[in-house]
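got a sequence here, can you model it:
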Amino acid sequence: MPYPPQPTPEQKLAEAKKLSGLPRIVVICGSTRFMAEMNEADLQETAAGRIVVKPGCDMKSPHALWSDPVEAEEVKARLDELHRAKIRLADEALVVGDYIGDSTRAEIAFARSLGKPVRFTHPEVDPDA
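Predicted structure coming up:
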């Protein structure tokens, strides 16, 4: 008699969230050039009763944390990994803005590879449309 397949970490997480009664979690993705739009999306999603996670740093704005080019590369790598963790945590992704660059395209592909629904504020920029 074969053993049943073991659930994946994502399946375990989804089950734990379901059992805990947590509201739906939305991760906001997109270029940080759209930080104002991300903040508005955060407000709208929160008002609709969803938990929101989004980029917390805008590396396009000057800051001491990424003023050194070598440190900036390290910070960017950490932030990219952190955002992938946010995508794994979320139930769905919301892509903000009317531009999709390489990083956002990778975020969309990652979310979809995990079976997460992806919504767009500008559906015409969906790379799979």
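
drop to CA atoms for contacts and neighbour counts, all remaining ones
OK.

for P62, see how far away K116 is.
Distance, K116 to P62, by Cα to Cα, to the nearest Å: 33 Å.

now swap in R33 and tell me
13 Å.

and these two? Which one has more around it.
R33 (14 against 9; other Cα atoms under 10 Å).

distance of that one from H122?
Counting by Cα to Cα, the gap from R33 to H122 is 15 Å.

how about the strands in this structure?
Listed in chain order, the strands of the chain (DSSP state E) span 25-29, 51-53, 92-95, 118-120.

output the ones you listed as CSV; include the columns distance to E73.
Below are those laid out as CSV (distance: least, Cα to Cα, whole Å):
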stretch, distance to E73
strand 25-29, 20
strand 51-53, 23
strand 92-95, 24
strand 118-120, 28
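
L82 is nearest to which of these?
Among the strands of the chain, the nearest to L82 by Cα to Cα is strand 51-53 (10.9 Å).

for the closest one, which outside residues touch it?
Outside of strand 51-53, the residues within contact range by Cα atoms under 8 Å, 6 or more residues apart in numbering are 23-28, 42, 45-46, 86, 90.
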